[in-house]
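>>> Have a look at this prediction, sequence included:
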Amino acid sequence: MLAFILRRLLSSLVVLFCVVSITFFLMRMMKGGPFDKEKEPPPHVKEAMLVRYKLNGSLWQQYTAYIADLLRGDLRESFRYKDWRVAEVLAQKLPTSIVLGGIAFVIASTGGVLLGGVAAMRRGGPVDGSAMLFALLAISVPTFITGPFLLAVFGLWLAVLPIGGWGTWSQCVLPACCLAAPYLAYVARLMRNSLLDVMKSDFLRTAKAKGVGEAQAIAHHAMKVAILPVITFLGPLAANLLTGSMVVELVFNISGAGSVFVNALQNRDGFLLLGAVIIYCALVIFFNFVVDVLYGFLDKRIKIYG
Amino acid sequence: MANPSTASATAWAGGSPDGWALLKRNRLAMVSLGYLAATLLLACVLPLLLPDELRHTSSVTFARPLQTTASGTAMHLCGSDNNGNDLFYRLLTGAQVSLGIGIVGALLSLLIGTAYGMVAGYAGGSVDALMMRFIDVLYSVPRLLFIMVFIGAFDDRIRHALDVARLWGQSHHWGSIESLMGLLLPYSRILIMVVSLGLIEWLTMARIIRGQVLALREQAFITASRAMGQSSHVILWRHLLPNLSTVILTYLTLTIPAVILDESFLSFLGLGIDDPAASWGSLLKDGAQVINPIESKWWLLVFPAALMSLTLLALNFLGDGLRDAFDPRSGS
């Protein structure tokens, strides 16, 4: 088990290193820099700025210097927000996005498992039908359509929830639901199909033959196996929620890391962009590592069972 | 299968059931197919037939739906936006862009995914394991982030390269190159979006194809052709690919909405298609910007949202129908 964890940790670090390298070179391919204004600065000023932002030397030297800085935990300076370190900007904005994503994550995973489980137990009935219709709609209609509509209906028309901002509980209801909806639907579908498959299996028939009731058989035996596909989806789910939060932050006027990323891209703010990508990916890769280890534990137990 | 109707069909004498016949009986999928064909046709033909007045900006901004134009000869069927553009016309041209990017991007991802999946499934063993591990990794990183940086990095460069080629054609009196580059220049953003979205949406396709190839390569006809000494290349191309065609068609249909979603995601954030061109994502962005409590400009949001949702639903219905017809074991 320890070897498995170490192997996964190592491969996570390799992936993160690749992410950093690819993004660094993409970022340096981008036009624009700290002095990219209407008027070209005099050569000595330009030279001084290149030195200040550590953009002097060959591309390879810049890359190794950046990696060295990164290993010391330094994400360097923003081009556009004068005198702001990238780490400071992100430290200010990232918590909002993580809380938003975290709430959506909990809603999507638990809600999806419950909805899918109920649909599978009531298969063929009206509950199942309406749950799957909801799932189809929620998967097909993107957040940038549901967001403005939720805003218009609950914020303006019914005026029961605030139309934007961040900080209070009522302010996070709409954004979190909007962000979670498509993934809740996806998890529900996954859960329903996998539970239906498991319910056909031999070990469950044995359990029933030994006198375990239907509900108990599902809760104690089927769930443990049926939940596995959902767990493998948790990693991609985290990645999707992080990118999805950009739209939600824009629609609900929340100032989080998503808007930092989009602005950095539009302003060609190289190091801020790079820092945002690295932090995003580090979070997602770490999360995937945790899920992988978790899965390793669960998978082992199943091998013992059957 | 525990289903009694299939259990009693032990006397089945024919081949496997005809998927096309199954599909034709699926009413929802057929309605979706009709809707999609009609949308595609209208999006291509109708913009050419609309009166000239509706195709350009006008002084009538935020006209309500069904309001007549400034000259009184035509009508803003779906209203107009803040530049006085007719929304109906922009919905149709936006459909050209969105559906076009969706279809071409999905075709590109089909090429990559099919090739990747076939090689992985046919090679098997550690090559297969490694290739599938790579897909797992790609699934778990936020791919769209890279695509956004990628577009940011290469957008200017491609436009610049096209412009250089156009000027080169001009200076060398090579009219065809000049006009071709001039033609491509306004579409450079679309070009790079198609390429980059095709580069990220092939993962599901590769997984499915690989699974199919794993199952197919154990069958007798593959063993037979290998025993006859046919090369792997011939087996892949002549024997496996035809057997995969319906699966490919199914997942092509399901990839198109995914690419359309990505494209409109980028355009909604202002990183994709931008004025004066339109896509459904950029129209929705315009619609979402005018939401305010004082004066509702609902048409700018409702019409693009309805058109896009219906199209995505139809594509998903059709894809599910195809999957049920041709690949009944994998779906719900």
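Thanks, I have the structure now.
>>> can we go C-alpha only for contacts and neighbour counts from here?
Will do.
>>> Which residues of the stretch 51-200 of chain A lie near chain B?
The stretch 51-200 of chain A comes close to chain B at residues A:136-137, A:140-142, A:144-145, A:148, A:152, A:156, A:193, as judged by C-alpha under 8 Å from any C-alpha of the partner chain.
>>> Mind picking the two most distant members of the residues you listed?
A:156 and A:193 (38.2 Å; C-alpha to C-alpha).
>>> Quick one: the helices in the stretch 201-332 of chain B, in order.
B:203-216, B:220-227, B:232-234, B:241-268, B:280-289, B:299-326 (DSSP state H, counting those that start in this stretch).
>>> Most tightly packed of these?
helix B:280-289 (a mean of 24; mean count of other C-alpha atoms under 10 Å in any protein chain shown).
>>> show me the contacts for the closest residue to residue B:270 other than its chain neighbours.
Nearest residue to residue B:270, sequence neighbours excluded (C-alpha to C-alpha, 6 or more residues apart in numbering or on different chains): residue B:282, at 7.2 Å. Listed by C-alpha atoms under 8 Å, 6 or more residues apart in numbering or on different chains, the contact set of residue B:282 reads B:264, B:267-268, B:270, B:272-274.
>>> For residue B:282, give me the pLDDT.
Note for residue B:282: predicted pLDDT of 91.
>>> now the strands: where do they sit in chain B?
Along chain B, counting by DSSP state E, strands occupy B:67-68, B:75-76.
>>> What about residue A:290, how many residues nearby?
16 (other C-alpha atoms under 10 Å in any protein chain shown).
>>> now stretch B:220-227, how far from the centre of its chain.
36 Å (C-alpha atoms, centre = their mean, to the nearest Å).
>>> Format the strands of chain B as CSV; extra columns: distance to chain A, mean neighbour count and mean pLDDT.
Output for these, formatted as CSV (distance: least, C-alpha to the nearest C-alpha, whole Å; neighbours: other C-alpha atoms under 10 Å in any protein chain shown; pLDDT from 0 to 100):
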stretch, distance to chain A, mean neighbour count, mean pLDDT
strand B:67-68, 24, 16, 74
strand B:75-76, 23, 20, 74
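>>> do you know which of the ones you listed lies nearest residue B:257?
strand B:75-76 (28.6 Å).
>>> tell me what that closest one is packed against?
If you count contacts as 3 or more C-alpha pairs under 8 Å, 6 or more residues apart in numbering or on different chains; DSSP states H and E, strand B:75-76 packs onto strand B:67-68.
>>> What strands line up against the strand it packs on, and which way round?
strand B:75-76 (antiparallel) (DSSP bridges).
>>> what's next to the strand it pairs with, contact-wise?
In contact with strand B:75-76 (C-alpha under 8 Å, 6+ apart) are residues B:54, B:63-69, B:86-88.
>>> Mind putting the residues of the stretch 51-200 of chain A next to chain B into a markdown table with pLDDT?
As requested, those are exported to a markdown table (pLDDT from 0 to 100):
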| residue | pLDDT |
| --- | --- |
| A:136 | 89 |
| A:137 | 90 |
| A:140 | 88 |
| A:141 | 91 |
| A:142 | 91 |
| A:144 | 91 |
| A:145 | 91 |
| A:148 | 89 |
| A:152 | 86 |
| A:156 | 82 |
| A:193 | 90 |
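>>> Dump these to JSON lines, plus distance to residue B:320 and neighbour count.
JSON lines is the format used below for those (distance: C-alpha to C-alpha, whole Å; neighbours: other C-alpha atoms under 10 Å in any protein chain shown):
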{"residue": "A:136", "distance to residue B:320": "11", "neighbour count": "18"}
{"residue": "A:137", "distance to residue B:320": "13", "neighbour count": "18"}
{"residue": "A:140", "distance to residue B:320": "12", "neighbour count": "24"}
{"residue": "A:141", "distance to residue B:320": "16", "neighbour count": "21"}
{"residue": "A:142", "distance to residue B:320": "18", "neighbour count": "24"}
{"residue": "A:144", "distance to residue B:320": "24", "neighbour count": "25"}
{"residue": "A:145", "distance to residue B:320": "22", "neighbour count": "23"}
{"residue": "A:148", "distance to residue B:320": "28", "neighbour count": "25"}
{"residue": "A:152", "distance to residue B:320": "32", "neighbour count": "20"}
{"residue": "A:156", "distance to residue B:320": "36", "neighbour count": "19"}
{"residue": "A:193", "distance to residue B:320": "14", "neighbour count": "21"}
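>>> who's in contact with the residue in chain A positioned nearest to chain B?
Going by C-alpha to the nearest C-alpha, chain B is nearest to residue A:30 of chain A, at 4.0 Å. By C-alpha under 8 Å, 6+ apart, the residues touching residue A:30 are A:268, B:152-154.
>>> at 7 Å instead, please
B:152-154 (C-alpha atoms under 7 Å, 6 or more residues apart in numbering or on different chains).
>>> before we move on, the earlier item: could the strands of chain B be laid out in TSV, adding distance to residue B:214?
Listed next are those as TSV, based on distance: least, C-alpha to C-alpha, whole Å:
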stretch	distance to residue B:214
strand B:67-68	60
strand B:75-76	55
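>>> which bits of chain B sit near chain A?
B:139-142, B:149-150, B:152-154, B:269, B:288, B:293, B:305, B:309, B:312-313, B:332 (C-alpha under 7 Å from any C-alpha of the partner chain).
>>> Buried by neighbour count, from those residues: which ones?
B:139-142, B:149-150, B:152-154, B:269, B:288, B:305, B:309, B:312-313 (16 or more other C-alpha atoms under 10 Å in any protein chain shown).
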